[in-house]
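S.K.: Quick one: sequence plus predicted model below, questions after.
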Amino acid sequence: MLSGERKEGGSPRFGKLHLPVGLWINSPRKQLAKLGRRWPSAASVKSSSSDTGSRSSEPLPPPPPHVELRRVGAVKAAGGASGSRAKRISQLFRGAGTGTTGSGGAGGTGTPGGAQRWASEKKLPELAAGVAPEPPLASRATAPPGVLKIFGAGLASGANYKSVLATARSTARELVAEALERYGLASSPGSGPGESSGVDAFALCDALGRQAVAGVGSGEWRAEHLRVLGDSERPLLVQELWRARPGWARRFELRGREEARRLEQEAFGAADNDGTGAPSWRPQKNRSRAASGGAALASPSPGSGSGAPAGSGGKERSENLSLRRSVSELSLQGRRRRQQERRQQALSMAPGAADTQIVPADPGDFDQLTQCLIQAPSNRPYFLLLQGYQDAQDFVVYVMTREQHVFGRGGTSSSRCGSPAPYVDTFLNAPDILPRHCTVRAGPEPPAMVRPARGAPVMHNGCLLLREAELHPGDLLGLGEHFLFMYKDPRSGGSGPARPPWLPARPGATPPGPGWAFSCRLCGRGLQERGEALAAYLDGREPVLRFRPREEEALLGEIVRAAASGAGELPPLGPATLLALCVQHSARELELGHLPRLLGRLARLIKEAVWEKIKEIGDRQPENHPEGVPEVPLTPEAVSVELRPLMLWMANTTELLSFVQEKVLEMEKEADQEDPQLCNDLELCDEAMALLDEVIMCTFQQSVYYLTKTLYSTLPALLDSNPFTAGAELPGPGADLGAMPPGLRPTLGVFQAALELTSQCELHPDLVSQTFGYLFFFSNASLLNSLMERGQGRPFYQWSRAVQIRTNLDLVLDWLQGAGLGDIATEFFRKLSIAVNLLCVPRTSLLKASWSSLRTDHSTLTPAQLHHLLSHYQLGPGRGPPPAWDPPPAERDAVDTGDIFESFSSHPPLILPLGSSRLRLTGPVTDDALHRELRRLRRLLWDLEQQELPANHRHGPPVATPP
């Protein structure tokens, strides 16, 4: 798996080194970096004495089990350093032997040769007095732990570090695991072994560097030498035993394992190029080997008394040197032989190598030739460079080290919200490459996704890429005018496509216009076949509407004009479906900044069309009639005809707004958060959606206005009509409108007309509920105010009249219950029902009630309304309300100052529907009327496209072949 995302706010991983993330070839000189950790040990081979005649045939004793590392302490001025070194060397040659007999030497126990050879050790007690005693390694392990700073060079920028506890026995792998836990990158229990958050994906590096010069890097740390610590190395001992030179500083850094190996290899490669690396190191290696006892083995001791001939000295010397080679040197020799074989193989593959004789060449040429033997990674996606900008700086393979890979030029340009320069994985130095040009996301499961930055020229399989698209292995990706890459993903198993995916281009990458069938020149189809393909598109039932940006205004205007005029017999939500197809095409096929502009233009066109329709209705239904001209009340049939266009626009705009909100959310998720134009695009989208909100509000307001205007003239019959007419039977629940009493039919007719209108226009259920909620609110307030007003001047509050009103109200509620509106009606008619129920209480029971009990039973009424009903209740001639109905002094002020009428301004607010749009843009178009309109618009776009072509390049309208 790829490594995770970098921490927010971090700088580019290779920003300081200014190097692209490419494939780094194993140079032969990289192996020299490991010799510093595998020096030949003098105690690993037994020393031979010159006074023994058969030393080459004697078996070698086993090496000592442990070689203890000591740090030289303070030494006296007189020969302190040399004495300490002589002491360490003698201890190494003596091995584990103790006492004064010379056991552990080359000769036998107590032999004169051994005594003469180690005679100088008699002075060791004197030299040891000048060396400061140092605790052995075992005692260091028991010492209390120390704090070790580990800098997250690969995880964070600047001087960010985490402190971990380390002891002398703490290994590098253990500290890596602890540091990852401190950085919050510890492996989860379900993570795989190859994930970058595991310990195996990171390495601890010993970095040597110094602070940058003032004014250049502002005192920033600058690492100049890097060494990867082995998993079993002990960083605390490394820090204690090897000190940095004056002016230098050492610190431990946590980096990705592959990145650390690459940086280590790069450091040795740079040293080889300037001539200060391996050539100066090899003599030091030889001198160190000689200082460890190799010179004593090369020539016999003067006092050894050896009788060996002079001719046998070279053979004996070569045998001793071969015995003293360490495992590191033997391994290095094998590598050198293998590298020499690879160089010869590389030379043999060169053109004309069979006809020419291979002659020794410069080692630098061999190294450069070895780097040409590239082996692509087998566990990570990568990009193969097919064409670059500067051959000297471009790499052939660019490996994806993270799940999200960013191509760009980098730079210091600040991004949105004042964040630092954009993070870039691969630096491309062409002049037409943007600071953040293109982003590729390749998760563990295919396919990968590629997204261009705003205004970045990106070609995908030969076609201009404007939106996020799928990236498959073998796809061609062109960045700017110079760079061309091929995407490879070895994790897919190597099963590539049967033919290149860019031959021909995928249908998703076709030009946006309907003439795409004639623009293909690679698929090999003839003119007739391409004409048939275009005819299939123009007459097809797929919900697709392709257009170019220059044809956008004409297309949107035609759709809105047809919807406003009612031509074409479109389905109720047909205009919203066609407009949603335009929005979908802009969001998928056109450039990133096109969708906000299209939404703004679309919202303005809809608002203008709705405003024109409102003015037409207002001219036919003026509020103020001329004097002498009686106002003709609106009938339910007339109001239904007038409100149908407004209700259609309200239904279509509601569904379109929900669809637009989904697309804007998708655009915000898919957009590059570093894009400085993203804020402007979102603001334009918000303005467009605010216009659509305004259209919905306006159409809703006008609809309920004309419906309540019609209800105003029909509601008084509920208070005046008598349902108990001679010979009439009360209808049951669910009765038809014709079976209802005559006084209720006009009011119920308005409700029925509104219900049929919302159903025919396919208005959203939430808006249907809110529409009838407002109608019932108006009916309740109007009837209650009429009830309060009628009780003031004449005797109206009587038990018989209250029973008639209660019956009419029950019949209305039963009919609404059968229409599916019972719950809404019961909620909004509650106050009127309670007021009528108070008047329906028998007179004898009402006289026994007190003010407190009536307030408790009729809490919905205000104190002023309750007192008004009780004070005007008709108890009989000459009888007034009893004293028990008088309100207490605490409520007297509320009764005197309270309003007995309901306010029409306290209506419930309009809440726009939430959730997904009901438009279905998947699957074939099944409605014939919508299909005819879609065909007409496609041919309109085809004609507009053909008009821009020269006369000799135009094509006639294609005719579909009958099945």
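M.R.: Nice, thanks for sending it over. Numbering: from 1, shown residues only.
S.K.: Now the element after the longest strand along the chain, going C-ward?
M.R.: Scanning the chain for the longest strand, with DSSP state E as the assignment, gives strand 202-211. From strand 202-211 onward toward the C-terminus, using DSSP states H and E, the following helix or strand is strand 221-228.
S.K.: CA atoms only: put that next one into PDB for me.
M.R.: Taking Å, rounded to 0.1, in the frame of the first residue of the first chain, the C-alpha atoms of strand 221-228 are listed here in PDB:
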ATOM      1  CA  TRP A 221      18.600  23.000   9.800                       C
ATOM      2  CA  ARG A 222      20.200  21.700   6.700                       C
ATOM      3  CA  ALA A 223      21.200  18.000   6.600                       C
ATOM      4  CA  GLU A 224      24.300  17.300   4.500                       C
ATOM      5  CA  HIS A 225      25.100  13.700   5.500                       C
ATOM      6  CA  LEU A 226      22.700  10.900   6.100                       C
ATOM      7  CA  ARG A 227      23.100   7.300   7.200                       C
ATOM      8  CA  VAL A 228      20.300   4.800   7.700                       C
END
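S.K.: Please renumber the chain so that the first residue is 34 from this point on.
M.R.: Sure thing, new numbering starts at 34, so read that last one as strand 254-261.
S.K.: Which neighbouring elements make contact with that strand?
M.R.: strand 235-244, strand 282-289, helix 290-307 (3 or more C-beta pairs under 8 Å, 6 or more residues apart in numbering; DSSP states H and E). Any C-beta I mention is one placed from the backbone N, CA and C, and that applies to glycine too.
S.K.: quick revisit: return the alpha-carbon coordinates of the longest strand of the chain using CSV.
M.R.: Extracted C-alpha coordinates of strand 235-244, given in CSV (Å, rounded to 0.1, in the frame of the first residue of the first chain):
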residue,chain,number,x,y,z
PHE,A,235,10.0,3.8,8.2
ALA,A,236,13.7,4.0,9.2
LEU,A,237,15.7,5.9,11.7
CYS,A,238,18.4,8.0,10.1
ASP,A,239,21.6,9.5,11.7
ALA,A,240,21.8,13.0,10.1
LEU,A,241,24.8,15.3,10.2
GLY,A,242,24.3,18.9,9.3
ARG,A,243,24.6,22.5,10.4
GLN,A,244,22.4,25.6,10.7
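S.K.: all strands of the stretch 484-633 of the chain, in order?
M.R.: Applying DSSP state E, counting those that start in this stretch to the stretch 484-633 of the chain gives strands spanning 491-493, 496-497, 502-504, 509-512, 516-521.
S.K.: for the record, mean pLDDT for the third one?
M.R.: Put plainly, it is strand 502-504. If you average the pLDDT over strand 502-504, you get 89.
S.K.: How about the second one?
M.R.: Confidence for strand 496-497, expressed as mean pLDDT, is 85.
S.K.: so what strands line up beside that strand?
M.R.: strand 491-493 (antiparallel) (DSSP bridges).
S.K.: again with the third one
M.R.: Here strand 502-504 has these sheet partners by DSSP bridges: strand 481-485 (antiparallel).
S.K.: Now do the buried residues in the partner strand.
M.R.: Along strand 481-485, these residues count as buried under the neighbour rule (16 or more other C-beta atoms under 10 Å): Ala481, Val483, Arg484, Pro485.
S.K.: cool, stretch 200-212 as well?
M.R.: For stretch 200-212, a neighbour-count test (16+ other C-beta under 10 Å) marks Thr200, Ala201, Ser203, Thr204, Ala205, Arg206, Glu207, Leu208, Val209, Ala210, Glu211, Ala212 as buried.
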